[in-house]
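A.B. asks: model the structure of this input:
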Amino acid sequence: HTILRGYYDCTCCLNITMISSLKALTASQGCSRIVPSVHRRCFSSSSSLVQTSIESDSRVGVLTLSRPPVNSLSLEMCHAITSALKEVESDKGLRALILKSANPAVLSAGLDITELYQPDPKRLGEFWSSFQQVFLDLYGSRLATICAVEGHAPAGGCMLTLCCDYRIMTNSEKASIGLNETKLGITAPFWLADLMIRTIGFREADKAMALGQLYNPSQALEIGLVDEVCDPNDVLLKAHEVASLWTKVPPHALAASKEITRKKYIDKLSKNRHEDIEHFKEFILNDAVQNNLALYLENLKKKSSKK
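C.D. replies: Below is the predicted model:
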């Protein structure tokens, strides 16, 4: 992995799905989102899972997660995100990227549980490697990255948010964000836990990750998990305003600044990827973890049958 890919050649979690909450948030937001006009562009490696576009007459790209119903992160979804990031970064005219969801109720509900329950060990390793790669590519991007969180962002969704340079979240108290993996009997990997600690502080992160805590927008703002909250209908508009501001930073200066603050953490994961994959596989294949996943899936089936 090249740290802050494009710098040197630049010329200048898994989550309890919260089905009822997602539906309520979707209904409350409806089609009233204010979305700036954009010029659509098709990148060769993009797929139906991830769409990319470029704002008209600007240096801002948009990456939209589009895997219904809740953008869960499967092997294919992670590959699609990485491919889209590479294609966007190949456009040297771009300086900023907005990450958002096609579904305003949720950025991403986290890891796709079907990748974890009774998995093929080989695919499980490939899946975790793809998830690592999304982290490395987004956290190490040469672009200014702005995350527009219009709804829930638990676990892997929170990871995507944390990787971005600036995070804007809806002020709807129905929305939530955090690393809640322990609720399902698993934990965040060391590299994600480290990022959470650096973002909100050791003591707060220590408690939050142990308890699997999800924060509402006002709480997330207070602890620094997000940078700004606003009306649900204004999240995307605000994201474009902030992205436009970040494009004014000379790209070589931004990349160098991010290199200083992030390089050692990216290097740490890059050097320990194999060990992290093997640890993850051993942990997930443990009988206790598989039993917890089976129980979770059974509970989901019961909830669905009642509707």
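
A.B. asks: am I right that Val50 is in contact with Ala84?
C.D. replies: Yes. If you go by C-beta atoms under 8 Å, Val50 and Ala84 touch, sitting 4.4 Å apart. Backbone N, C-alpha and C define where each C-beta goes, glycine included.

A.B. asks: show me the common contact partners of these two, please.
C.D. replies: Listed contacts common to Val50 and Ala84 are Leu63; contacts here mean C-beta atoms under 8 Å, 6 or more residues apart in numbering.

A.B. asks: now stretch 173-191: buried residues?
C.D. replies: The neighbour-count check on stretch 173-191 (16 or more other C-beta atoms under 10 Å) flags 174-181, 183-189, 191 as buried.

A.B. asks: low-confidence ranges, the protein, go.
C.D. replies: Low-confidence segments of the chain (pLDDT under 70): 1-46, 55-56, 307.

A.B. asks: what sits closest to the residue minimising distance to the centre of it if chain neighbours are left out?
C.D. replies: Closest to where the C-alpha atoms of the chain average out (C-alpha atoms, centre = their mean) is Leu160, at 1.8 Å. Of all residues not flanking Leu160 in the chain, Ser108 sits nearest, at 5.9 Å (C-beta to C-beta, 6 or more residues apart in numbering).

A.B. asks: Phe131 now?
C.D. replies: Spatial nearest neighbour of Phe131, chain neighbours left out: Cys78 (5.4 Å); criterion: C-beta to C-beta, 6+ apart.

A.B. asks: about what we covered before: out of the buried residues of stretch 173-191, which is nearest to His240?
C.D. replies: Using C-beta to C-beta, Ala175 comes nearest to His240 of the buried residues of stretch 173-191, at 19.7 Å.

A.B. asks: assign the closest one to helix, strand or coil.
C.D. replies: With DSSP: H, G, I helix; E, B strand; the rest coil as the basis, Ala175 sits in coil.

A.B. asks: so Gln51 versus Arg167, what's the distance?
C.D. replies: According to C-beta to C-beta, to the nearest Å, Gln51 and Arg167 sit 21 Å apart.

A.B. asks: noted, bye for now.
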